[in-house]
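Visitor: Provided below for reference: sequence and predicted model.
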Amino acid sequence: MTDSSPIRVAVIGSGPAGFYTAGHLLKDASAEFEVDMLERLPTPWGLVRSGVAPDHPKIKSVTRIYEKTAAHPRFRYFGNVELGRDISREDLLEHYHAIVYATGSSVDRPLGIDGEELSGSHPATEFVGWYNGHPDYSALELDLQSAERAVVIGNGNVAIDVARMLCLTREELACTDIADHALEVLEHSRVNEIVIVGRRGPAQAAFTTPELLELGELSDADVIVDPDELERALAIPDPSATPTAERNVQILRDYAARPPAGRRRRIVLRFLLSPAALIPGEDGRLAAIELVRNELVADADGRLRAQPTAERERIDAGLVFRAIGYRGVPLPGVPFDERGGVIPNADGRVLDPSSGTSLPGEYVVGWIKRGPSGVIGTNKKDAQQTVDAIIADVAAPANGRARLLAPASPDPAAVETVLRARQPAVVTYAGWAEIDRHERALGEASGRPRVKLTQIDEMLRIAASEVPSA
Ligand code: NAP
């Protein structure tokens, strides 16, 4: 590598963290970075496409920023390429000066209780992926006909998304980019009560305020909070309560004081209850959930945690959605911290678990770096930290150790040849643009932003109709 030769970076994953990383690198003037982004699916944007709820189109408009990054002449997109299936970490080491893992947290955290796998019990990841048309979940069979009550476990924004999506009317959903299959099933849903269960109190809930407020504005659902349970759960003051928590408590007190308006559905917010077991009915399907009542006790550091009491409660429910957080999955050959579900790192530099020192040229960003927390914008700052580490490593004297990789074959054409040999159906950015045009055109006919393709084969067929650039 000479001083003027470009620094070739592979970014693995095309969600917000990956795109902010690419954007920061391409804007940097201290070196000439070239970015190749590899994505497992044909389509980019990660959770902006497959996580953000369909009725939140404003949040999705962040993709306009990513589109600008994608248009940069030193950026290339290779969709439908999976690390570990089509290309290995060793291959990347041969072709790039730096690798940035931006693969997110794609699986649910298990509850670890009896009955978790019963028919009718679903991780929120499945439901969210299903209504958003993620190809991995398009075949999910969700029975919203047999049960009238659903229980959602967890007090985060995903729990709120799940509950809200179960309450929106056909009219409210039909103008969004919700997957067609989900629109059909949700329209005919017979679920009329959704109980959201938090293991701690309202002041410890992870909800953000706009999301909690939105529940109270639903056209087709009343929000029910029992004032006695609410005040019991607030009896112990939380010294670490944030301003958000204080606003949330006020909103919940307002809900508790509100008489139900007799809407078609109800969202009931419960506190200080942990799931103990999921109980099958005679047909073997989920019939009820057993919960244990908790009390709040302060840890040595003052944090309030849930401690089980002897009191139990049973709620009949044919559906349970577990929304207790996501986990990252290990990437072949890349260090992984099983406990945290993340890639071990210091400020974005991947750490070798045996020595605790950073591995040359390997970096991490987003949820697979810090765990599943924060909103989309959080990833911008997070990506800057990782990019600062890369820039410092480019500039740093080697100290006797290379800080970046020394690829045997850094030529951009060489890696493209390898990628295309391993995965002939690579989807370039032009291929994605074709899918995007197709989906928008399908949507236009019915006044929707797009109709999502949910099958990989179909995406590949449409992407293949891209006009090859001269
Ligand atoms: P989260 O915010 O971490 O919430 C997880 C919830 O699950 C917490 O209430 C947690 O309670 C509870 N929990 C964890 N383990 C549990 C257990 N064993 N039993 C019962 N409850 C348990 O996670 P999330 O809802 O998956 O959201 C992930 C991130 O995406 C968050 O940063 C969120 O804000 C973001 N997000 C944002 C939006 C939006 O902006 N509209 C939408 C969706 C997601 P404890 O606090 O007691 O651990």
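Guide: Nice, I can see it. Numbers count the residues shown, from 1 in each chain.

Visitor: Might you enumerate the residues of the stretch 1-150 of the chain proximal to the ligand?
Guide: Residues of the stretch 1-150 of the chain lying near the ligand by C-beta under 6 Å from any ligand atom: L111. The C-beta positions use only the backbone N, C-alpha and C, and glycine is treated the same way.

Visitor: Please repeat the previous calculation with a cut-off of 5 Å.
Guide: Applying the criterion C-beta under 5 Å from any ligand atom, no portion of the stretch 1-150 of the chain neighbours the ligand.

Visitor: Could you check the pLDDT of the residue found closest to R40 once you drop the neighbours it is linked to in the chain?
Guide: Spatially, and ignoring its direct neighbours in sequence, R40 is nearest to E82 (4.4 Å; C-beta to C-beta, 6 or more residues apart in numbering). Per-residue confidence at E82 stands at 98 (pLDDT).

Visitor: Number of residues surrounding E82?
Guide: 15 (other C-beta atoms under 10 Å).

Visitor: same question, K452
Guide: 26.

Visitor: picking that back up, state whether the residue nearest to R40 and I12 are indeed in contact, as I suppose.
Guide: No. Using C-beta atoms under 8 Å, E82 is not in contact with I12; the gap is 9.4 Å.

Visitor: Please report the distance of K381 from the ligand.
Guide: 14 Å (C-beta to the nearest ligand atom, to the nearest Å).

Visitor: what do you get for E313?
Guide: Using C-beta to the nearest ligand atom, E313 is found at 14 Å from the ligand.

Visitor: For that residue, what is the enclosing helix or strand?
Guide: Taking DSSP states H and E as the definition, E313 sits inside strand 304-316.

Visitor: Please state the offset of that strand from the chain centre?
Guide: 29 Å (C-alpha atoms, centre = their mean, to the nearest Å).

Visitor: Tell me the strands beside it, with direction?
Guide: Applying DSSP bridges, strand 304-316 is found paired with strand 286-298 (antiparallel).

Visitor: as a whole number, average confidence for the partner strand?
Guide: 97.

Visitor: Looking at the stretch 151-300 of the chain, which residue is nearest the ligand?
Guide: Residue nearest to the ligand within the stretch 151-300 of the chain: G156 (2.2 Å; C-beta to the nearest ligand atom).

Visitor: which non-adjacent residue is nearest that residue?
Guide: Leaving aside its sequence neighbours, G156 sits nearest to A206 (C-beta to C-beta, 6+ apart; 4.1 Å).

Visitor: now swap in Y77 and tell me
Guide: Of all residues not flanking Y77 in the chain, Y429 sits nearest, at 4.0 Å (C-beta to C-beta, 6+ apart).

Visitor: G129 too?
Guide: Leaving aside its sequence neighbours, G129 sits nearest to Y137 (C-beta to C-beta, 6+ apart; 3.6 Å).

Visitor: tell me the contacts of the one you found?
Guide: Counting by C-beta atoms under 8 Å, 6 or more residues apart in numbering, Y137 touches E126, G129, W130.

Visitor: Kindly report the domain assignment for this protein.
Guide: Split into domains by automatic domain parsing, the chain comes to 7-106+328-427, 114-326.

Visitor: Straight-line length of the shortest one, end to end?
Guide: Looking at domain 7-106+328-427, the gap from its leading to its trailing residue is 23 Å under the measure C-alpha to C-alpha, to the nearest Å.

Visitor: Could you give the separation of it from the chain centroid?
Guide: 16 Å.

Visitor: go on, the longest one?
Guide: The chain centre lies 18 Å from the centre of domain 114-326; the measure is C-alpha atoms, centre = their mean.

Visitor: For L419, see how far away the residue nearest to G129 is.
Guide: According to C-beta to C-beta, to the nearest Å, Y137 stands 26 Å off from L419.

Visitor: Look at E458 and tell me its secondary structure.
Guide: helix (DSSP: H, G, I helix; E, B strand; the rest coil).

Visitor: Any idea how many residues pack against it?
Guide: With other C-beta under 10 Å as criterion, E458 counts 14.

Visitor: start at 52 instead
Guide: Shifting the count to begin at 52 puts that one at E509.
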